[in-house]
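Novice: need a structure here:
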Amino acid sequence: MISKGGSEALLQTLVDTARTASPDYDILLPLFRLLAKVGLRDKKFGQKALELEALDVTLILTRKNLSHSHNLLHCLWVLRVFASSVTTGAMLGINGAMELLFKVITPYTRKHTQTIRAATEVLAALLKSKSNSRRAVNRGYVTSLLRLHQDWHSHDTFNTFVMIRRGLLLCLQHIATFRSGREAFLAAQGMETLFSITQNCLDNKGMEPVISVMLQILRQCYPESPLPLVTASSAYAFSVPGSIAAEPPPALSEEDFEDEGDEEVEKDSDSEDVKEEYDDLETDVEKLSSKPGLDRPEEELMQYESMCLELSYSFEELESKSGDESNSEDSQYTNHHHIPIAASPKQHCLKKDQTSWGQEKEDTVQTSLLSTVKMGRSTVHLSSKKRPVMNIYHDMQSKGLGINSLGNDIPDIQTSPKEDAWDIEAISCPRMSAFFSNSTSPREAGEAIDKLLHIHPKHIPFHDPCLYMAKARRTRSVVDFKMVAFPDIWGHCPPPSAQSMLERKCGVQRIKILEDVQRFTQPSDVINKVIFSLDKPWPLQDTASSCLKFFSKFESGNLRKAIQVREFEYDLLINADVNSCQHQQWFYFKVSGMRADIPYRFNIINCEKPNSQFNYGMQPTLYSLKEALLGRPSWIRTGNEICYYKNHYRQRAAATGGASGKCYYTLTFVVTFPHDEDVCYLAYHYPYTYTALMTHLDLLGKSVNPRQVYFRQEVLCHTLGGNPCPLVTITAMPESSSTDHLEQFRHRPYQVITARVHPGESNASWVMKGTLEFLVSSDPVARLLRENFIFKIIPMLNPDGVINGNHRCSLRGEDLNRQWLSPQAHLQPTIYHAKGLLHYLCSIGRRPVVFCDFHGHSQKKNVFLYGCSVKETLWQAGCTVSASTLLEDVNYRTLPKILDKLAPAFTMSSCSFLVEKSRASTARVVVWREMGVSRSYTMESSYCGCNQGPYQVCKLTPLFNWQGLQFGTSELEEMGAMFCLGLLILELKSISCSHQLLNQAATLLNAEDALDYHLQR
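Specialist: Next up, the predicted model:
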């Protein structure tokens, strides 16, 4: 009908009928109804009505029928359609439509309510026009609308006319879209009025249409303000060659964060679907298929020959070199009697004297990785009776605090008279110098540390506090950290059971936002006291005060400022990355001086990403010093009433080069601490420091049998901050020094694994920890892997960022995973030399079978891979390309398919093999294009957890509801081991697999037939 000119015919009929001396309403009323329906489908309806003068005619008829409700209602229906167009809406405003509507919208009455509702809807549509909103402000309509809404709200006690009240609020919301409207709303005490109304109706489900609009108006009109910081730039500065000025953030895409969607919709929803966008896909076949030339002189590659000594050493040389490179200063502190056999959530331990390398481990009770798969893809036996985090603490208290996680009796600091003397605050973040005899620290501090180490639990695998402190002294930070965080010294044991994702209570975000609004409406209730700041001289905290105390000047720590807002509420600000004014996400800080069983609210108010897994069940992590001293040294998930939402803070326009300031987001959570006067640490995710890595590598190296395992740790390069970036080589020693055995040893294929290029992605380090521990273990799969591959591992590509608490960048304030195209040795040394090493391997014909870069993901659940495919990219972009002209091996999909079958946390459905333009300079894409490694991946592990397979629990509700589990360090380490198993299966399925390996695998599978199904194909 529209395509045949039906709209014009109906509008012309309206004009002709209305202009008769006595309009026939038997014709006009059906005509109005038909126009209202047709107009909704005709995109040009308003323009047609304007050209045929139907706007004026309809307004005239509306004026004539002000006292005739039935005819007036029909006129309003058509005006509502006209007003949906901004152009015609503005014209209606010029012709007095708003004044006319205010004659229809009366104070509370039970008469003609359908007409009044229609009038509010027309007015709301008209106010979408900027000119109409400005006119409404100039004529004082904001105050009139507030009074009308108050009148209807106060009289409509049974909520019969909720939609009229909603229509009035929509009028205010559209006016508040513009600055002048917000100013008028504030001047009319609109914030106070609506805030007062919401307090009385939040729990009324029948008021939902009204509450949602009121909340959006309150958020819109909350006055914008800059962050309470001296500058948006980091509190830490580091002078480096070729420093780049802090710039506004580049456009980030799907791997960085998911799309925000409608930021103003505040419904409590579990929907977290990531919208796929394909406008960033690379569609240039030449760029996708061509292999760029070497980015450096070929002779420079020879420097990496020294990093591949396994290719040239004789067996005697290797044997004589074993163990000689350990540092004498470190060795005196080494304690490596507790060595996990495999990366397993059960943390099996082995007691072994360091000199008894020849002893076999068959007598040790252990679970092989194949048995793990056979038992159900996970060694974690999950129960549906999971408790929230703080209930874990209370359960511990009720059952007695004198038992550690392995069932051993330990001193109880709450009951032992001797332990009452603990200076918890002093030992919570000790100075490095207190651990050494030549210390200048007070004698009491040294004695306290000695006493502390005496009760240190010896069951934490690959951890030694003294060795950690020795390593920490040599770790170089921008501000020269003098103290060490207690959890990093003491160590971490995974809790005995996984924790389910937090179930979000309906309406909790609204409550939090209204509490924020209350600061504006009732400013006298706000304390607003700065109690910690990196920007001001230390200390700021009053020791006699009852407020919490904060501290973050230790390795990987990140908290810039703490402000007490109310007695038990604190605003926190995260420090930007060094030499940057952005990337606020990672946090790690100490808090003390708390009272038990009091809910403390923490608001991190300068987050940047528009959405977060904190809205979908994720919790931050907590480490309690008192719990650790009582035998439970664990990072656990904690916090309730967790929300992540847009706040009223904006970056100053000057910081963005004159552009409108970017928005910030608030992460809010409530923590109830388990003990009085405890010292606790809170973090975005399980911390894993650079010093922890260096300690771990030393203990790993000392744990292996040098006659069986080739484990070499060396320095890839030094970072801008002067820290060595470790390179680890793992393989099996040759069976003998015979020519055949040495030949097999030197011709093993390479596997290259990297991690932690983004410092805030600590989950990547836990996955890497699982990989390293598994590869040196006595597991039969690990033994096969060592005998058939050489592993080159760079476990931390950005040590400086990790040390200084960055989330994404290096000390130059740049994302190192965007520097792989043209890295420079003096600016991005770790990337330059990692790429150089890969080029060297390719140049000698030793291209890696698999390259994988471990990462963390903040917007998705589970673990998944990103790979590279020309055909999939072109197909998704809608490009037509002939299959005969473009050949591509689909083997890049094999490893993720294997992991999907093996690893309980892995999901194939989240994997992607698209090549984006914005990813052209990442490790994954560069290694694929320049080195020709078809299996070049980024492996992403969720910060949150897993919502599939065995990593979920059935919640007993009226309807069975499967709830996901949050990742603990056990699950992440297990993923690292499973990745290694996937590499073995990948080789067994390849055409080039040797008969010897097939026979060895067959022998192994005769004992462990868990993988028969996968290997039969």
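Novice: where in the stretch 801-950 of the chain is pLDDT low?
Specialist: 881-885 (pLDDT under 70).
Novice: Leu629 and Ile455 touch, don't they?
Specialist: Yes - with contact defined as Cβ atoms under 8 Å, Leu629 and Ile455 form a contacting pair (7.2 Å). Yep, even glycine has a C-beta here, placed from its N, CA and C like the rest.
Novice: so which of the two has more stuff around it?
Specialist: Leu629 (25 against 12; other Cβ atoms under 10 Å).
Novice: now the strands for the stretch 451-600 of the chain?
Specialist: 529-533, 549-551, 561-566, 569-573, 588-592, 599-607 (DSSP state E, counting those that start in this stretch).
Novice: now distance to Ser822 too, for the ones you listed, in CSV please.
Specialist: Putting the strands of the stretch 451-600 of the chain into CSV (distance: least, Cβ to Cβ, whole Å) gives the following:
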stretch, distance to Ser822
strand 529-533, 39
strand 549-551, 40
strand 561-566, 37
strand 569-573, 35
strand 588-592, 33
strand 599-607, 32
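Novice: tell me the most buried of those?
Specialist: When you average the neighbours per residue for each of the strands of the stretch 451-600 of the chain (mean count of other Cβ atoms under 10 Å), strand 588-592 leads with a mean of 25.
Novice: who are the packing partners of it?
Specialist: Under the contact definition 3 or more Cβ pairs under 8 Å, 6 or more residues apart in numbering; DSSP states H and E, strand 588-592 sits against helix 424-428, strand 549-551, strand 679-683.
Novice: so what touches it?
Specialist: 424-425, 428-429, 485-486, 548-552, 554, 556-559, 572, 677-684, 687, 805 (Cβ atoms under 8 Å, 6 or more residues apart in numbering).
Novice: buried residues, stretch 226-244. List them.
Specialist: Of the residues in stretch 226-244, Leu227, Leu229, Ala232, Ser233, Ser234, Ala235, Tyr236, Phe238, Val240 count as buried by neighbour count, 16 or more other Cβ atoms under 10 Å.
Novice: distance-wise, check Ile455 relative to Gly46.
Specialist: 79 Å (Cβ to Cβ, to the nearest Å).
Novice: got the contact list for the residue nearest the centre of the chain?
Specialist: Closest residue to the average C-alpha location of the chain: Ser858 at 2.3 Å, with Cα atoms, centre = their mean. Applying Cβ under 8 Å, 6+ apart to Ser858 gives the contacts Phe257, Gln585, Lys609, Ser612, Gln613, Tyr943.
Novice: give the buried subset of the residues you listed as a ChimeraX selection command.
Specialist: The buried residues among the contacts of Ser858 can be selected in ChimeraX (16+ other Cβ under 10 Å) with this line:
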select :257,585,609,612,613,943
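Novice: and Tyr864, bridged to which residues?
Specialist: Quick fix: residue 864 reads Phe, not Tyr. Glu940 (DSSP bridges).
Novice: actually Gln963, sorry about that
Specialist: Val953.
Novice: hmm, it is touching Gln499, no?
Specialist: No - judged on Cβ under 8 Å, Gln963 makes no contact with Gln499 at a distance of 10.7 Å.
Novice: more crowded one of those two?
Specialist: Higher neighbour count among Gln963 and Gln499: Gln499, with 20 against 17, using other Cβ under 10 Å.
Novice: break down the stretch 401-550 of the chain into its helices, ranges please.
Specialist: 424-428, 443-454, 465-474, 486-490, 508-521 (DSSP state H, counting those that start in this stretch).
Novice: deepest of those, which one?
Specialist: Of the helices of the stretch 401-550 of the chain, the one with the most neighbours on average (mean count of other Cβ under 10 Å) turns out to be helix 486-490, with a mean of 25.
Novice: who does that helix touch, helix- and strand-wise?
Specialist: Using 3+ Cβ pairs under 8 Å, 6+ apart, helix 486-490 is in contact with helix 465-474, helix 625-629, strand 679-683.
Novice: Val776 is nearest to which of those?
Specialist: Val776 lies closest to helix 465-474 among the helices and strands packed on helix 486-490, at 17.4 Å (Cβ to Cβ).
Novice: what is that closest one packed up against?
Specialist: Short answer (3+ Cβ pairs under 8 Å, 6+ apart): helix 465-474 packs on helix 328-331, helix 486-490, helix 690-703.
Novice: the top helix by length along the chain: what's the following helix or strand?
Specialist: Of all the segments of type helix in the chain, defined by DSSP state H, the longest one is helix 969-988. Using DSSP states H and E, the helix or strand that follows helix 969-988 in sequence is helix 995-1007.
Novice: quick one, that next one and helix 969-988 angle?
Specialist: If you take axes from the mean of the first three to the mean of the last three Cα atoms, to 10 degrees, helix 995-1007 sits at 130 degrees to helix 969-988.
Novice: for the stretch 801-950 of the chain, which segments count as strands?
Specialist: Under DSSP E, counting those that start in this stretch, the stretch 801-950 of the chain gives strands at 850-857, 863-866, 936-942, 945-946.
Novice: in JSON lines: those, plus mean neighbour count and distance to Val137.
Specialist: Output for the strands of the stretch 801-950 of the chain, formatted as JSON lines (neighbours: other Cβ atoms under 10 Å; distance: least, Cβ to Cβ, whole Å):
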{"stretch": "strand 850-857", "mean neighbour count": "26", "distance to Val137": "45"}
{"stretch": "strand 863-866", "mean neighbour count": "26", "distance to Val137": "50"}
{"stretch": "strand 936-942", "mean neighbour count": "27", "distance to Val137": "47"}
{"stretch": "strand 945-946", "mean neighbour count": "27", "distance to Val137": "49"}
